[in-house]
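A.B. asks: Can you look at this prediction? I've put the sequence above it.
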Amino acid sequence: MENQMLEIIEQQEGETCIALLVGRLDADTVLTFDEWSNRRNEGTLKRIIIDFTNLNYLSSAGLRAILTTNRHAERNSTELVCCGLAGMALQVFQTAGLLPYLTIYPSLKEALEAA
Amino acid sequence: MLPALVEMVSFRAAEFARFSAYARSFSKQAGFQQEVADRVELVVEELALNVAHHGYQDHPGPLAMEIAVETAGIRIRLIDQAPPFDPTAFSLPDISYPDCEAPRCGFGIILIRKMSDSIIYRRDNGRNILEIFIQ
């Protein structure tokens, strides 16, 4: 059975926070993401990496939340990086025309190496 | 079209997932690929939320969904009694990055329009009837 919830598995390496999204980011789960995002943007991180590898569903509510996180990060001089976009999540970003507005790497490994 | 589901409920935004989850499950059971099931679920989610938020202004209101397999795809019909709203009648919103923090910035309509292969709207006897085909 597919995961109907959103789990955010977080790992901090120095001033970089890596967040692995697992499950779904939609109107039903976006509050979980927003709470995490607000908490993360309160700090003094240099970099936030969001790993979409295990995200199996993304809707417009999720898109807005990610873009809002990006905007807040910019205000805090934090770099927001996305990686692991594939399948449905990639299709939604592409369809909405938002790929040019985000820093995206194919994998977490490449995102980490680009620091 | 033989309806696989007809629901007429007092619908709130929080209940959108019943419609989108049913549409997804229906698509997968009918043997469609994951990519089609994803698009069906997404379009139903965006449409149901649109009806709840914009049509009924977050108050309860009836929403019915019919879904059926056709030769080359899935046909979905959504029927509500909100004020007239034709999502096919206007140009897609111009998404510019600085506006993306707006609570409603048009992503839902973009996804509905671009993820569907055809959308037909009509107003009939006080109801919005939206017919979507996805293949």
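C.D. replies: Looks like it came in fine. Computed from a prediction, not measured in an experiment: that's the story for all the values here.

A.B. asks: Would you list the phi and psi of residue A:21?
C.D. replies: Residue A:21 has phi and psi values of phi -90, psi 130 when expressed as degrees, to the nearest 10.

A.B. asks: same deal with residue B:37?
C.D. replies: Torsion angles, degrees, to the nearest 10, at residue B:37: phi -60, psi -40.

A.B. asks: Count residues in the vicinity of it, would you?
C.D. replies: Residues lying near residue B:37 (other CB atoms under 10 Å in any protein chain shown) number 22. For the C-beta atoms, the positions are set from N, CA and C on the backbone; glycine is no exception.

A.B. asks: Need the pLDDT of it.
C.D. replies: What the model reports as pLDDT for residue B:37 is 95.

A.B. asks: how much space between it and residue A:94?
C.D. replies: 18 Å (CB to CB, to the nearest Å).

A.B. asks: Next: residue A:113.
C.D. replies: In terms of CB to CB, residue A:113 sits 24 Å off from residue A:94.

A.B. asks: Next: residue B:129.
C.D. replies: Residue B:129 sits 30 Å away from residue A:94, going by CB to CB.

A.B. asks: In terms of neighbours, single out the busier of the two.
C.D. replies: residue B:129 (15 against 12).

A.B. asks: The more buried one - that's part of a strand, no?
C.D. replies: Yes. Residue B:129 forms part of a strand when assessed by DSSP: H, G, I helix; E, B strand; the rest coil.

A.B. asks: Spit out the contact partners of it.
C.D. replies: By CB atoms under 8 Å, 6 or more residues apart in numbering or on different chains, the contact set of residue B:129 is B:77-79, B:121-123.

A.B. asks: Quickly name whichever of these is closest to chain A.
C.D. replies: Within the contacts of residue B:129, the smallest distance to chain A is 16.2 Å, found for residue B:78 (CB to the nearest CB).

A.B. asks: now the residue nearest to that closest one when sequence neighbours are not counted: how far from residue B:55?
C.D. replies: Nearest non-adjacent residue to residue B:78, counting by CB to CB, 6 or more residues apart in numbering or on different chains: residue B:130, 4.8 Å away. From residue B:130 across to residue B:55, the span is 11 Å (CB to CB).

A.B. asks: Give me the most central residue, chain B.
C.D. replies: Most central in chain B under CA atoms, centre = their mean is residue B:47, positioned 3.0 Å from the mean C-alpha point.

A.B. asks: again with chain A
C.D. replies: Geometric middle of chain A (CA atoms, centre = their mean) lands on residue A:50, at 3.5 Å.

A.B. asks: average model confidence for the strand or helix carrying residue A:24?
C.D. replies: According to DSSP states H and E, residue A:24 maps onto strand A:16-25. Per-residue pLDDT over strand A:16-25 has a mean of 97.

A.B. asks: Show me what the next helix or strand after that strand is packed against.
C.D. replies: Sequence-wise, the next helix or strand downstream of strand A:16-25 (DSSP H and E) is helix A:30-40. With contacts defined as 3 or more CB pairs under 8 Å, 6 or more residues apart in numbering or on different chains; DSSP states H and E, helix A:30-40 has these neighbours: strand A:6-13, strand A:16-25, helix A:60-75.
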